[in-house]
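**Student:** Compute the structure for the input listed below.
(one chain, ligands or ions: 1)
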Amino acid sequence: MTDRRFLMGTYPEPPVTFVRGEGSVLFDAEGRSYLDFIGGLAVTSLGHAHPAVTEAVSRQAATLTHVSNLYGNVLAPEVAATIDRLIGGGEEQAGGQVFFCNSGAEANECAIKVARRWAGRGRYVVVSTENSFHGRTLAALAATGQAAKHTGFEPMPAGFPAVPFDDLEAMAKALEGADVAAVLVEAIQGEGGVVVPSSDYLRGLRDLCTEHGALLMVDEVQTGFGRTGEWFAFQHEHLEPDVVTMAKALGNGMPVGACWARAEVAAAMVPGDHGSTFGGQPLAMAAVRATLGVMEAEDVCGRATAAGSRLRDGLGSLDAIGGVRGRGLLLAAQLTGGGAAAASAACLEAGLLVNAVRPDALRFSPSLLVGNEQIDAALAIVAAALEGLQRAGAQ
Ligand SMILES: *Cc1c(COP(=O)(O)O)cnc(C)c1O
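**Tutor:** Predicted coordinates for the structure are as follows:
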């Protein structure tokens, strides 16, 4: 049934409805196949229906799905330790603690509460950046530096100023306020158009936060788990954040999020301070355990780097593309002639999913296990689509 009358109209009418997926390929109801270079918005990093994740989820569903956090389960502590080790780079524990939730917005809500609890003494301000995206719940939305998304939902929760991204001077000024508890920033602005800051930006933020006694909270919801070629994008810049939020790729499609905090910061949270009915439940944790296991075994960081440079080089060689930005397999191609929505529609028509992340830029976030032949096939479709649009525009 594709009658959407009973769905709240928060999304535009979708161009296609999918019924099945396998690796980097999706199938619609008519059996037509599509190459998926969106990956559910950087979620299905191991591709659709990865056998190891499917097996783990199926087995867990038949064993124990949920008990609530009134009781323990054997999976959450183990998964938390793995996440903590990946925050530390993969070899050694970082020594922090994890709160499990169900989405990226919730992971940021946890981070914001951690910051307020930790800072205390009337320090409640969380400084974010313009054009950022941190989720749609009210506090995460307030921290999202896009006024258009706030319209109609005011008043926003107080204490969420946004300063220009990649501007250390502006952040230094914002941190002079005595009421600042934390900075919340994406390592790469994803929804903002895949914007990579200068290489000294995150380290500069680290120094500023240390100097002012504020927390550096990095939103890795989109960039986490190998997508940029490191487990987390902040690791490219060799610094230690105080808080890291994650979600999207964490469960390869199972809805799950997490907020990690350095131990001294996490210690501010005590029983009763925060909670989630579903957070850390066995079914989600089984998906995460399997996902992270495959990610490590397959060296997804190395694969994202290699596949990313193949995709980047191919896109960069096309006439209609003026530049490619991003890292690993989180890329955006800047279209010289604009028209990203038309380009994305033409690609879809030709059997390729890409996303018009800006009116003049296409985003690519395929599975980290995508094959070279699939990359080349996608490049051929993008090239033909852009040529077709150029021809049509010249007429
Ligand atoms: C997608 C995203 C979120 C929100 O995640 P949801 O699961 O949709 O709540 C938050 N931050 C960043 C950087 C994101 O890309």
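**Student:** May I have the secondary structure class of V324?
**Tutor:** strand (DSSP: H, G, I helix; E, B strand; the rest coil).
**Student:** Enumerate every residue touching L168.
**Tutor:** With contact taken as CB atoms under 8 Å, 6 or more residues apart in numbering, L168 is in contact with 200-201, 204-205, 208. All C-beta spots, glycine's among them, are computed from the backbone N, C-alpha and C.
**Student:** Which one of the residues in the protein is closest to the ligand?
**Tutor:** Nearest to the ligand in the chain, going by CB to the nearest ligand atom, is G104, at a distance of 2.2 Å.
**Student:** ok, that residue - contacts?
**Tutor:** Here G104 is in contact with 134-135, 140, 219, 221-222, 245-248, 257 (criterion: CB under 8 Å, 6+ apart).
**Student:** near the ligand, from those residues?
**Tutor:** 134-135, 219, 221-222, 247-248 (CB under 6 Å from any ligand atom).
**Student:** Any chance of these in TSV with pLDDT and secondary structure as columns?
**Tutor:** Formatted as TSV, these follow (pLDDT from 0 to 100; DSSP: H, G, I helix; E, B strand; the rest coil):
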residue	pLDDT	secondary structure
H134	98	coil
G135	98	coil
D219	98	strand
V221	98	coil
Q222	98	coil
A247	98	coil
K248	98	helix
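**Student:** Please identify which of the residues you listed is nearest to S128.
**Tutor:** Among the ones next to the ligand among the contacts of G104, H134 lies closest to S128 (CB to CB), at 6.7 Å.
**Student:** which residues sit in contact with that closest one?
**Tutor:** Neighbours of H134 in contact, by CB under 8 Å, 6+ apart: 104-105, 108, 128, 140-141, 143-144, 184, 186, 219, 221.
**Student:** G371 too?
**Tutor:** S24.
**Student:** so what's the closest residue to A42 other than its chain neighbours up against?
**Tutor:** Leaving aside its chain neighbours, A42 sits nearest to S365 (4.2 Å; criterion: CB to CB, 6 or more residues apart in numbering). Contacts here follow CB under 8 Å, 6+ apart; on that basis S365 touches 37-39, 41-42, 222, 227, 329-331, 355.
**Student:** Outline the domain layout of the chain.
**Tutor:** 18-50+299-394, 53-297 (automatic domain parsing).
**Student:** and those domains as TSV, adding distance to R4?
**Tutor:** Listed next are these as TSV, based on distance: least, CB to CB, whole Å:
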stretch	distance to R4
domain 18-50+299-394	14
domain 53-297	20
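**Student:** what secondary structure does T54 sit in?
**Tutor:** Of the three states, T54 takes helix under three-state DSSP.
**Student:** Revised request: answer the last question for M285.
**Tutor:** M285 ends up helix, using three-state DSSP.
**Student:** which stretch among the domains of the chain comes nearest M8?
**Tutor:** domain 53-297 (12.8 Å).
**Student:** All the helices of the stretch 101-250 of the chain, residue numbers only.
**Tutor:** Using DSSP state H, counting those that start in this stretch, the helices of the stretch 101-250 of the chain run over 104-119, 138-143, 147-150, 168-174, 201-212.
**Student:** Centre-most residue in this structure?
**Tutor:** Q222 (1.1 Å; CA atoms, centre = their mean).
**Student:** how close does that residue get to I112?
**Tutor:** Taking CB to CB, to the nearest Å as the measure, Q222 falls 18 Å from I112.
**Student:** repeat for G308
**Tutor:** G308 sits 31 Å away from I112, going by CB to CB.
**Student:** what does V288 give?
**Tutor:** From V288 to I112 the distance is 23 Å (CB to CB).
**Student:** what does G90 give?
**Tutor:** From G90 over to I112 the distance is 28 Å, taken as CB to CB.
**Student:** More neighbours: which of these two?
**Tutor:** I112 (27 against 13; other CB atoms under 10 Å).
**Student:** confidence score at the more buried one?
**Tutor:** pLDDT for I112: 98.
**Student:** Thank you kindly, that will do.
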